[in-house]
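# coordinates only, sequence not included:
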Ligand SMILES: Cc1cc2nc3c(=O)[nH]c(=O)nc-3n(C[C@H](O)[C@H](O)[C@H](O)COP(=O)(O)OP(=O)(O)OC[C@H]3O[C@@H](n4cnc5c(N)ncnc54)[C@H](O)[C@@H]3O)c2cc1C
């Protein structure tokens, strides 16, 4: 398991916000005990989308976020929405690969539907995985063929590229702040314990029929010894001013972000 953040210092030595950052609306902090039908812990893309898709169930839904919504990995992502997250299809059985592709395509369409209601800078672009070594891509190409997944193949300078057409790029923070508008959210509200259908902050108790943990990283620390399984991943970033934006999205086959 890995969690990674892009932290860049500015000229004053302070950490800069990510490219997605804007001074968005903030939400209140929990100041009393509460009872709710569904409690969602964590206000990242997972928590906010879950609440959004549950909002028509007529259940009382509450989201609690330890910091501000979107400030976890969601606010630090490169925000590609693609069915081509790395060289994955050749590693899966045919059935699992089919299910995975269907799920990815379904969610791609869900984002397109959301973009008809909300403006979160959705752009449609092709997505490519590239390598100088064609043998690194061959197994994946064979898997696409077996699964009948339509793909693009190009050679650009010394690189071979396999691609999927019409994938998406979004602004993840803008999206969750659009969706958050009518949700019941408490920020700066960290859950420290879950017990018997209740979640606890340092001071207050939230009783819920259903609790959904959407914290990306397990918050129940003892079971699984998860802190010991985390490791840091670092990578160089190059930023250029005044150049033509990239026309599509590109991922190196065995690059820093697998
Ligand atoms: C550098 C980078 C690039 C990425 N690029 C892509 C990409 O291009 N495409 C893609 O699909 N994915 C990408 N990802 C992955 C993607 O960002 C994440 O999978 C997704 O945003 C996870 O959302 P989440 O809601 O599960 O987690 P998070 O956004 O981390 O949200 C979890 C929230 O839970 C809160 N929380 C934690 N503990 C508690 C607690 N005890 N009580 C209350 N709240 C708590 C945190 O504060 C946080 O806000 C990238 C990630 C990174 C870091």
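Sure thing, it's come through. All of these numbers come straight from a predicted model, not from anything done at the bench.
# now do the contacts for residue 146.
residue 94 (Cβ atoms under 8 Å, 6 or more residues apart in numbering). In short, each C-beta sits where N, CA and C put it, glycine included.
# one more: residue 114?
120, 175, 179.
# got the buried residues for the host helix or strand of it?
For residue 114, the host element (DSSP states H and E) is helix 94-117. Neighbour counts using 16 or more other Cβ atoms under 10 Å place 97, 98, 100, 101, 104, 108, 114, 115 of helix 94-117 among the buried residues.
# quick check: next helix or strand after that helix?
Next along from helix 94-117, by DSSP H and E: strand 123-131.
# what mean pLDDT does that following strand have?
Mean pLDDT, strand 123-131: 97.
# equivalent analysis for stretch 140-149, please.
In the prediction, stretch 140-149 has an average pLDDT of 98.
# how distant is it from the center of its chain?
In terms of Cα atoms, centre = their mean, to the nearest Å, the centre of stretch 140-149 is set 26 Å apart from its chain centre.
# repeat for stretch 105-115
Distance, centroid of stretch 105-115 to centroid of chain: 14 Å (Cα atoms, centre = their mean).
# is any residue of it near the ligand?
No: figure legend: stretch 105-115 not in contact with the ligand (Cβ under 6 Å from any ligand atom); closest approach 9.3 Å.
# how about the helices in the stretch 51-200 of the chain?
94-117, 135-147, 172-180 (DSSP state H, counting those that start in this stretch).
# tell me the angle the first one makes with helix 135-147.
For helix 94-117 against helix 135-147, the angle by axes from the mean of the first three to the mean of the last three Cα atoms, to 10 degrees is 90 degrees.
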